[in-house]
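Q: Structural data only, the sequence is not supplied:
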């Protein structure tokens, strides 16, 4: 026995204590998990021993491990054992462990009730204290019910140390066991006047928390608190009391008046910022509740804030408070505009976001351009996508609020929207798109300008779709295509736009966008035809246009998207028929334009709802008795079965339709017109009432910079919207001067359909006339709409208004497409073959071969052409490879599988579960002469070296009588350049980067380069994904970034046909390879 | 009210955590790393309040030690900001070298926190009174 005790104490000497454990974990950084698991095993052994000291030590270590995230719930019973030790040092460890590990559902808690009761009544105040502290962490409804009485007695304990803890824990008890509140409340109220400030503060805390949940019941305590507020010197307590008053004043306005005086005194006297802040917050709340408003007091708040706003910690709180004031006293905040604009430059994101919120309420006609210009600068500078997206939505919100109330120049707004499309990786493409649609539809005067902008966007669509991660932004093309098609009469060169819309790359866009492309290509086609037939030129030009459509549309007919497929096949048939007519020298332009005649007006969001249901019409009644469920299923199956044969049928019906003669057509048109005239929902055609946009300024300065190379290159310069800001300033100056001259004629020009809110800001806005005669089309309502305004939205909620409106416009566009398709069928132009299966008949189609295509195999059918290898910005280890497959042979190619031999460094990303030898199925088939693009994602680990990957493409060539398996080998060349991503960089950030000294240098000299310097730069930008940071004469600094965040800086100088490039990068190997590639580019030309 | 208090080193490792609102043990590490990432990524000149999910974080840096407090929306940010400083002053008064010593005396730091904050509310701010139980405990240990 004695031996056992000795052995126990020796063991204890070798036991680890907490310090050893902490040290041990530190020393085992490599195999921390393994070390900890051995420690846990030791602890389990220790817990099995009888010695309470060993157990306490083990529990102490467990508490630490629990904090590191290890589950120790298995030791709950041992913790209870240690809690019930009679020795305070061990008891404390037990309670600490319990407070950290136990929660309501820990079942051993039931066992602790008596132990805790014993500890609460212990003569040692620290025993009681530790029990109270622990209890506050794991009190359960059962414990609360059983111990409520004991704790209540402790509230009148002789020691303040116990009293304050008991008072505070009562809050937890009230929450768990609400019945205890009524008997305990009188005693709690007593404690507010306890001689000990700690107990007092605890009581204030508890009552404040209770009052926050249900302020009404605590109004009676107001005088008591008022007394405390004037007497207490403890700032923490004061803050709580003032917070409580903030909750009480809305219920009792008289209280507010009484409070203002002492609060303002506190504001001016206190040196504690936290107290000041709380006072100001409450004063604001009080002022809001006193709707009468007290201008002099609000002024004093302003003073106190501008006094402190320079301290950066307070900036945030100041802005928070201002946003509260803004809701009720917008004018007093507007005077701080400059201060808030300064906050936008702050390094802190939360301050910037707050400032943005405030700006929304502060714009006026006068400062809108200035504010948005500032925001646009921030958009360029912003680093995180979240903040950039936030900025983008804010810009759009600010501009579009209250029905574009503050915009004086819509040309400026359109160019802002176009500039926003250049944002990388934004999620808000659809937002920009809906704004473009909204403005183009509703502001008639702007249409010509908008159309020209959209045409450039379409022409440069590859800039928007070049990168998979930019998917959000390609929504813009939806709007661009629609605007160009719908208002095609404004296009300068409709033929070029038509060509741009039918490029093969379009097939990689999402289906709904392709559908809009196809439909609007048809509208454009109509416009082009009209232009060509009007001119005396020969008819072959018109026929060539039809041929273009016939050539390109089959690509869409094969689309996997039903909508695209259907529209494409309809239009293809239509065009084929037109071509036939053209060959017979029939003039068709007028007929085709008639398909798309009529103007689209925006429809009010509630238009449909407001059409009264005609008397005697019961929409819920069945017209026919509903068929039984099984029947309808049968029906569905039958019709499906028919659809399979639809193709054959349509072939037979085709000739019948071509026999319809002109007379018949004219007759049908008449009938249709009559129908339309009687149809209240049909949007009627009217002679084009658009005002032709005459002001020539701006059209030449279309924001997309054109360079003689068609490269995705952004030459830094002044953003285009800036010009409008300048123009606007000049115009305003001029206006002012004009006005002085002819004061009698100073009536403002008409602003039809514009609402102006009464409180639109302190400046006199009448001074600013809009740049154009802007006629914002008001939303159309059906003629017999009910004048019910009961469900109208809150006019003070501009957000909601515009947002809803936009959604509805989108819907109305959708309907519009539908109506027109029906029309064209009625006309007899389109034959009835809206077949779902893709059309097989396709014509030959060629693509210019770009300089670097990589297909070593000489003769075989499909040609692979790697058009783009691009890193993925969001994922540093991903590279996206776009491959164009073109079928050059005369046979149909199907079942293509693309496979690449993985290297250690690069792997093709396959579906889950696929092995390294499984290829990826190419998601389309290729009829003869057709090309299409597919994208493959590779994961790459090391990006500092270029590499070549071998791959094979297997496919089946299908001729009329046989099909053969074929194979094509190819090599993929991943240059280091493909890991670089064009990233804009500002000169100040650039110089900081260079100064940092982290970068290593390297240089390169190229002899005999006789290109103009800007060509040279453009070439580097295009081929090597750089952007120009700054250019001075024949010297330019350039920047790019790799997908893994390496910075690459170039300084390019040129003199007498010699170009020297000094380069710096934080990864010398990468830099060397990039320079080699640049050299190669220039040696090839 | 105060939802949790974290002490974190510059590498983002948690040195001490105390929760006043039950958070599942499985969720704690991810919450902690997320919160710490937010605070560590901020520069010195950025303000000490971060909006996070539905509550706010108040943090202060002392040499290599970060103290992060998660508070509900109704709490006064500045008062917590001051409370953190008060807490550090108490630590400073008791330990001679705060950063290394708190690592090995976590239980004592817990006692100090328990004296200052109880069920999410400030209970004591007077330094002497905060340290009184701890000093009494030390005396007991010496007597043994």
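A: Thanks, I have it. Bear in mind the structure is a predicted one, so any value in this text is a computation, not a measurement.

Q: May I ask which helix or strand of chain B has the lowest mean pLDDT?
A: Counting by mean pLDDT, DSSP states H and E, chain B has its least confident helix or strand at helix B:98-104, which shows a mean of 75.

Q: Just the residues contacting it, thanks.
A: Outside of helix B:98-104, the residues within contact range by C-beta atoms under 8 Å, 6 or more residues apart in numbering or on different chains are A:18-19, A:22-23, B:7, B:9, B:15-16, B:62-65, B:88, B:91-92, B:95, B:109. (C-beta placed from N, C-alpha, C; glycine too.)

Q: at contact distance from chain A, anything in the helix or strand following it?
A: Sequence order places helix B:106-116 as the next helix or strand after helix B:98-104, per DSSP states H and E. Yes. Under the criterion of C-beta under 8 Å from any C-beta of the partner chain, chain A is reached by helix B:106-116 at B:106-107, B:110-111, B:114.

Q: Output the contacting helices and strands for helix B:106-116.
A: helix A:18-27, helix A:52-67, helix A:88-101, strand B:14-19, helix B:77-94, helix B:127-143 (3 or more C-beta pairs under 8 Å, 6 or more residues apart in numbering or on different chains; DSSP states H and E).

Q: Filter the contacts of helix B:98-104 down to the buried ones.
A: A:18, A:22, B:7, B:9, B:15-16, B:65, B:88, B:91, B:95, B:109 (16 or more other C-beta atoms under 10 Å in any protein chain shown).

Q: do you know which of the helices and strands packed on helix B:106-116 lies nearest residue A:269?
A: helix B:77-94 (16.8 Å; C-beta to C-beta).

Q: Next, the buried residues of that closest one.
A: B:77-84, B:86-88, B:90-91, B:94.

Q: And for stretch A:356-375?
A: Buried, per 16+ other C-beta under 10 Å, within stretch A:356-375: A:356-369, A:371-373, A:375.

Q: Please apply the same query to stretch A:150-166.
A: By neighbour count with 16+ other C-beta under 10 Å, stretch A:150-166 contains the buried residues A:151-152, A:154-155, A:157, A:160-166.

Q: ok, now stretch B:20-27?
A: Across stretch B:20-27, burial judged by 16+ other C-beta under 10 Å covers B:20, B:23, B:25.

Q: what's the closest of the buried residues of helix B:77-94 to chain A?
A: For these, the minimum distance to chain A (C-beta to the nearest C-beta) is 3.1 Å, reached by residue B:78.

Q: Where helices are concerned, which of the buried residues of stretch A:150-166 count?
A: A:151-152, A:154, A:160-166 (DSSP state H).

Q: For chain B, what's the nearest residue on the stretch 551-700 of chain A?
A: Among the residues of the stretch 551-700 of chain A, residue A:605 lies closest to chain B, at 31.9 Å counting by C-beta to the nearest C-beta.

Q: Let's verify that residue: helix, strand, or coil?
A: The local conformation at residue A:605, judged by DSSP: H, G, I helix; E, B strand; the rest coil, is coil.

Q: try the one 10 residues further on
A: Remark: residue A:615 carries the secondary structure label coil [criterion: three-state DSSP].

Q: So what's the residue count around it?
A: 5 (other C-beta atoms under 10 Å in any protein chain shown).

Q: list the contacts for it?
A: Contacts of residue A:615 by C-beta under 8 Å, 6+ apart: none found.

Q: Distance check, it against residue A:622.
A: Using C-beta to C-beta, to the nearest Å, residue A:615 is found at 19 Å from residue A:622.

Q: Also residue A:432?
A: From residue A:432 to residue A:622 the distance is 45 Å (C-beta to C-beta).

Q: Who has more neighbours out of those two?
A: Shown here are residue A:432 and residue A:622; by other C-beta under 10 Å, residue A:432 has more neighbours (25 against 7).

Q: and the next element down the chain from the helix or strand harbouring the more buried one?
A: In the assignment (DSSP H and E), residue A:432 maps to helix A:429-442. Using DSSP H and E, the helix or strand that follows helix A:429-442 towards the C-terminus is helix A:447-459.

Q: Which strands or helices does that next one pack on?
A: Using 3+ C-beta pairs under 8 Å, 6+ apart, the elements in contact with helix A:447-459 are helix A:410-420, helix A:429-442, helix A:475-486, helix A:494-501.

Q: Kindly provide the whole-number mean pLDDT of the third one.
A: Read that as helix A:475-486. Averaging pLDDT along helix A:475-486 yields 86.

Q: Can you sort out which of the buried residues of stretch B:20-27 also neighbour chain A?
A: Applying C-beta under 8 Å from any C-beta to the buried residues of stretch B:20-27, one finds that B:20, B:25 fall near chain A.

Q: now, among the buried residues of stretch B:20-27, which is nearest to residue A:572?
A: residue B:23 (61.2 Å).

Q: ok, for the closest one, nearest residue in space, not its chain neighbours?
A: Nearest residue to residue B:23, sequence neighbours excluded (C-beta to C-beta, 6 or more residues apart in numbering or on different chains): residue B:31, at 6.4 Å.
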